[in-house]
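*Asks:* any chance you can model this:
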Amino acid sequence: MSSEHTFELMTKLGHNMQFFWPLSIYFVIVNSLLEEFFWRGIIMTKIDNLFPNSKYTGIIVSSVAYGAFHYPILELVMFPGWALFGAFLLATYGALLAVLYKKTGSLVVPWIAHALLTDLSAILLMLKLFERLHVQ
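*Replies:* As a prediction, the model looks like this:
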């Protein structure tokens, strides 16, 4: 998807700089926490409980589901054909977050990693796009 197409989509949805900052705070703090709580704290833990003798089933299944969940979103913002690759990368990233959770026993570490590496990075990219397209 081109920058212009992204801008057109954002304009249709009513996104502008006034809308951007509250949404950014939500994504960095709330969305990352909710996703970690859901995907690692609930889904992975439930799968681990279903397969107590398997070390990796919870990590694999929850990570593939995490990538698949994001696929429709990726289709909106990526060039055709790249959404599947993006979902694969997110599944891999989800596995890394799951390993962080398993190693630390706490959702705080994957939450901070998610907030800083994913959501904050996306916000910085959006700011750059806004700057390039002169969004007010």
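*Asks:* need the next SSE after the helix or strand bottoming out on mean pLDDT in the chain, C-terminal direction.
*Replies:* Ranked by mean pLDDT, DSSP states H and E, the helix or strand of the chain with the weakest confidence is helix 3-12, at a mean of 67. Where DSSP states H and E defines the elements, the next helix or strand beyond helix 3-12 is helix 17-25.
*Asks:* who touches the helix or strand just after that next one?
*Replies:* Downstream of helix 17-25, the first helix or strand assigned by DSSP H and E is helix 32-36. Contacts to helix 32-36, defined as C-beta atoms under 8 Å, 6 or more residues apart in numbering, come from residues Tyr66, Leu97, Tyr101, Leu107, Pro110, Trp111, His114, Ala115, Thr118, Asp119. In this view, the C-beta of every residue, glycine as well, is placed from N, C-alpha and C.
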